[in-house]
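Visitor: compute the structure for the input listed below.
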Amino acid sequence: MNWDQVEGQWKNIKGTIREKWAKFTDDDIELIAGKKDRMVGKLQERYGLAKENAEAELDQYIASMDSERRSSMS
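Guide: Have a look, this model is predicted:
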């Protein structure tokens, strides 16, 4: 799943994002609105991560979502 897909499916996946990162508020989720740079910023703010670490964690999570989606289609 790439970020265009994440942004397009934001309404469908924001619940799973909230489960993964429980420190995000409803306002955070609405502000992020599927934008990667905003989400990286919120990960830095809420979890005290360096930008590189926030990006890596986010990329890893999105990749895992893609793997789950592919395995559920099999």
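
Visitor: surely residue 7 meets residue 37?
Guide: No: Residue 7 is not in contact with residue 37 according to CB atoms under 8 Å; the separation is 11.4 Å. Bear in mind the C-beta positions are built from the backbone N, C-alpha and C, glycine included.

Visitor: need the overlap of contacts for the two.
Guide: Counting by CB atoms under 8 Å, 6 or more residues apart in numbering, residue 7 and residue 37 have no common neighbour.

Visitor: average pLDDT for the host helix or strand of residue 59?
Guide: Using DSSP states H and E, residue 59 sits in helix 51-73. Mean pLDDT, helix 51-73: 84.

Visitor: list the residues that contact residue 29.
Guide: Going by CB under 8 Å, 6+ apart, residue 29 touches 14, 17, 18.

Visitor: assign a three-state SS to the first one, would you?
Guide: It stands for residue 14. Classification of residue 14 by DSSP: H, G, I helix; E, B strand; the rest coil places it in helix.

Visitor: check it and give its pLDDT.
Guide: 92.

Visitor: state the distance from it to residue 53.
Guide: 22 Å (CB to CB, to the nearest Å).

Visitor: comparing these two, which residue is more hemmed in?
Guide: Neighbours per residue, other CB atoms under 10 Å: of residue 14 and residue 53, the larger number sits with residue 14, 18 against 14.

Visitor: in contact with the more buried one, which residues?
Guide: With CB under 8 Å, 6+ apart, residue 14 has these contacts: residue 29.
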